[in-house]
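> Next one to model:
(one chain, ligands or ions: 2)
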Amino acid sequence: MDLTLWQYQFRIIMLGDSTVGKSSLLKRYTEDLFLESINQTVGVDFYVHFLEVEPGVRVKLQFWDTAGQERFRSVTRSYYRNSVGGMLVFDMSNRATFDHIKEWHTEVCERVQPHKVVFVLVGQKSDLEGHEERAVSRLEAEKLAGQLGMPYVEASAKSGHNVRAAFELLTRRVYQGLLSGEVEPQEGWDGVKCAAPQEVGFVVECHCNNVTIMKH
Ligand SMILES: Nc1nc2c(ncn2[C@@H]2O[C@H](COP(=O)(O)OP(=O)(O)OP(=O)(O)O)[C@@H](O)[C@H]2O)c(=O)[nH]1
Ligand SMILES: [Mg+2]
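Ligands and ions are numbered 1, 2, ... in the order given. Below is the predicted model of the structure:
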């Protein structure tokens, strides 16, 4: 089977304060790499990964990795509307990043109307837990996730703990929404795309801002 064939494309947006580890999560997921020293994102970066959600059903995940810094907000906001999935990320060792999650959620929900984004809440840097650096308890994070109607996962881009699980959970939630009709592909909205027969066979390889498109 050609591993680049896909039936659906989901656009997923990474959200949360600067330095919570959004880019690191994506690097771990797409390249199995972790960098202690990584550049802050400028504007928005772009990553792609393929995932089989059930036998024979391959999804192309297109990730928008937004900059958490406030000065890029006008750029990053323009990506909310065409996203079907959102990973809301905070740093478990940094209380303020958790306190801002509600604001991120409200801002995105308001701006994507009438569309909806399917979310997962991720408590990042779980590797620091043993060093008594936890600033947010699991219970508290689960409570917030419950209030916002989304699941909660603790992960670490550094150790790799739960990284795949977090991305797969989000992808499966979107896929379930698609099957149940809660998520509907629509003309003029790019959150979800279904491959037209003639599109099957395109290969898109992306790394950050370098995009190569090859046609079979
Ligand atoms: N200990 C630990 N450090 C991490 C982890 N993930 C990321 N970091 C570190 O946290 C810092 C920020 O990571 P980034 O991935 O750039 O954070 P970001 O959310 O993309 O930040 P912006 O691009 O500014 O929005 C870097 O020094 C990473 O090495 C983790 O799981 N554990
Ligand atoms: Mg980043």
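
> give me the number of residues near E133?
13 (other C-beta atoms under 10 Å). Yep, even glycine has a C-beta here, placed from its N, CA and C like the rest.

> So it is in contact with S93, correct?
Yes - E133 is within contact range of S93, at 4.1 Å (criterion: C-beta atoms under 8 Å).

> anything in contact with each of the two?
Here E133 and S93 have K125 as joint contacts, going by C-beta atoms under 8 Å, 6 or more residues apart in numbering.

> Against N94, how distant is the closest residue to R58 other than its chain neighbours?
Once flanking residues are discounted, R58 sits nearest to W6: 4.7 Å by C-beta to C-beta, 6 or more residues apart in numbering. Distance, W6 to N94, using C-beta to C-beta, to the nearest Å: 36 Å.

> Compare these two (neighbour count), which wins?
W6 (24 against 19).

> which SSE is the more buried one in?
Assigned by DSSP states H and E, W6 belongs to neither a helix nor a strand.

> That one and E52 touch, don't they?
No - look at W6 against E52 with C-beta under 8 Å: they stay out of range, at 9.6 Å.

> Now for the two: what residues contact both?
R58, V59.

> quick one: the top helix by length along the chain near ligand 1?
If you go by DSSP state H, the chain has its longest helix at helix 163-180. No - using C-beta under 6 Å from any ligand atom, helix 163-180 stays clear of ligand 1, with a minimum separation of 8.6 Å.

> Please list the residues of the chain that sit near ligand 2.
Within the chain, the positions adjacent to ligand 2 are K22, S23, T41 by C-beta under 5 Å from the ion.

> Count the neighbours of the last one for me.
T41 is flanked by 20 other residues according to other C-beta under 10 Å.

> repeat for G130
Counted with other C-beta under 10 Å, residues neighbouring G130 total 8.

> Could you do V118 as well?
24.

> can you check H115 too?
There are 17 residues near H115, going by other C-beta under 10 Å.

> just Q69 next, same as before
Neighbours of Q69 under the rule other C-beta under 10 Å: 15.

> can you check G191 too?
So G191, with other C-beta under 10 Å, has 25 neighbours.

> Next up, the contacts around it.
Applying C-beta under 8 Å, 6+ apart to G191 gives the contacts F10, R11, N82, S83, V84, G85, H115, V117, V183, P185.

> from the residues you listed, which two are the most distant?
V117 and P185 (14.7 Å; C-beta to C-beta).
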